[in-house]
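Trainee: let me see the structure of the following:
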Amino acid sequence: MLKQVMEIIDLLDDPKITGEKALQAFQGIKGITATSTTLQGAEGSTDFVKIFIEGSNGKSTGGTAPTLGIIGRLGGIAAHPSRIGLVSDADGAIGALASALKLTDMYQKGNQLAGDIIVTTHICPDAPTQPHEPVDFMGSPVEMSDMNEYEILPEMDAIISIDATKGNNVINHRGFAISPTVKEGYILRISDDLLRLMSMTTGQPPVTFPITMQDITPYGNDVYHINSILQPAIATNAPVVGLALTAESAVPGCGTGANHEIDIAGAVRFVLEVAKEFTQGKCYFYDETEFAHLEKLYGKMTILQTLGQDG
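Mentor: Residues are numbered from 1 along each chain as shown. Below is the predicted model of the structure:
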């Protein structure tokens, strides 16, 4: 995976990078569809990119294997001209695109996964920055609702949301960590299958990170969020797991020189193993029976996917 990560970093580390340029490696391959859409916002524009990798038993061709969504979540990959180079926040896009690049390479060699894979992220080399405690974040030229509209698709049966999550004093681990599963306003137990795959791919005990009720509510409700890693969960009924690229110290999202290739490669390796097993029906993000029992006992929690009673 390190090869793909380094290729993507070299590709994105360009103040003139666009979505179309970022997708050139995915063009002209049967079974792979890559598209880019430019969206203008109040503080600039960004290119939303989508890469579809066809599965051997995928739903797109009439099959039954589940579809995995891989989302690279971020404000922007860079903040030119005020900062030179990729910012820490670019980890989400790097991880998502490196996953797509490896899956494409596997597909061309005949290692086709059972189910379809949909990879989405956005490319913005001149995003704004914004204040945040304990360290500054990257902003975005578009709204969170725009990101969810373009990056989350109804075909996704489960979602991994990759995001740099270094700007806090909660996670003190260098590498990557996973969150509990979030579904329809419920914070569920952490998937044993995902813990198993994390241990297998890292050769170490699994690392997780805590989330709060605030973190799974939409931006714009005037409460603190650790970051946007679980914002996809407000716009889908599918189970969502956050995959955080982490650090031992608080690193600003707009800080440069903070994209650790080895850490991202480890996260991508994990994503690929999840993709293999999930589309084969061997990996589950949550227990469907237990979720149904929770809803029977306590009712729907979907209000947490909204701005609330005053929204």
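Trainee: mind listing what G175 touches?
Mentor: By CB atoms under 8 Å, 6 or more residues apart in numbering, the contact set of G175 is 202, 207, 245-246, 263, 266. Heads up, the C-betas are built off the backbone N, CA and C, glycines and all.
Trainee: let's see that with 10 Å instead.
Mentor: Contacts of G175 were listed using CB atoms under 10 Å, 6 or more residues apart in numbering, and they are 202, 204, 207, 244-248, 260, 262-264, 266-267.
Trainee: just the buried ones out of those, please.
Mentor: Buried by 16 or more other CB atoms under 10 Å: 202, 207, 244-247, 260, 263-264, 266-267, out of those.
Trainee: per-residue pLDDT of G311, please?
Mentor: The per-residue pLDDT reported for G311 equals 59.
Trainee: what does G92 give?
Mentor: pLDDT recorded at G92 is 98.
Trainee: now do the same for it: helix, strand or coil?
Mentor: What DSSP: H, G, I helix; E, B strand; the rest coil gives for G92 is helix.
Trainee: counting neighbours, what do you get for it?
Mentor: 28 (other CB atoms under 10 Å).
Trainee: same deal with V170?
Mentor: Each residue near V170 was counted by other CB under 10 Å, and the total is 13.
Trainee: gap between D105 and E277?
Mentor: Per CB to CB, to the nearest Å, D105 is found 19 Å from E277.
Trainee: ok, now S145?
Mentor: For S145 relative to E277 (CB to CB), the value is 32 Å.
Trainee: looking at the two, which is more packed in?
Mentor: Ranked by neighbour count (other CB under 10 Å), S145 and E277 place E277 first, with 19 against 14.
Trainee: now the strands for the stretch 51-200 of the chain?
Mentor: Shown for the stretch 51-200 of the chain, the strands assigned by DSSP state E, counting those that start in this stretch span residues 68-72, 117-123, 129-130, 137-138, 158-164, 175-178, 182-183, 186-187.
Trainee: okay, those in JSON lines with distance to A79 and mean pLDDT next?
Mentor: Supplementary listing: the strands of the stretch 51-200 of the chain in JSON lines, determined by distance: least, CB to CB, whole Å; pLDDT from 0 to 100:
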{"stretch": "strand 68-72", "distance to A79": "17", "mean pLDDT": "98"}
{"stretch": "strand 117-123", "distance to A79": "13", "mean pLDDT": "98"}
{"stretch": "strand 129-130", "distance to A79": "6", "mean pLDDT": "80"}
{"stretch": "strand 137-138", "distance to A79": "7", "mean pLDDT": "81"}
{"stretch": "strand 158-164", "distance to A79": "14", "mean pLDDT": "98"}
{"stretch": "strand 175-178", "distance to A79": "23", "mean pLDDT": "98"}
{"stretch": "strand 182-183", "distance to A79": "29", "mean pLDDT": "98"}
{"stretch": "strand 186-187", "distance to A79": "32", "mean pLDDT": "98"}
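Trainee: CSV for those strands, including distance to A93?
Mentor: Formatted as CSV, the strands of the stretch 51-200 of the chain follow (distance: least, CB to CB, whole Å):
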stretch, distance to A93
strand 68-72, 4
strand 117-123, 5
strand 129-130, 16
strand 137-138, 11
strand 158-164, 8
strand 175-178, 15
strand 182-183, 21
strand 186-187, 26
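Trainee: name the element the closest residue in space to E261 that isn't next to it in sequence belongs to?
Mentor: Nearest residue to E261 in three dimensions, chain neighbours excluded: V5, at 5.2 Å (CB to CB, 6 or more residues apart in numbering). Assigned by DSSP states H and E, V5 falls within helix 2-12.
Trainee: quick one: that helix to strand 117-123, angle?
Mentor: 30 degrees (axes from the mean of the first three to the mean of the last three CA atoms, to 10 degrees).
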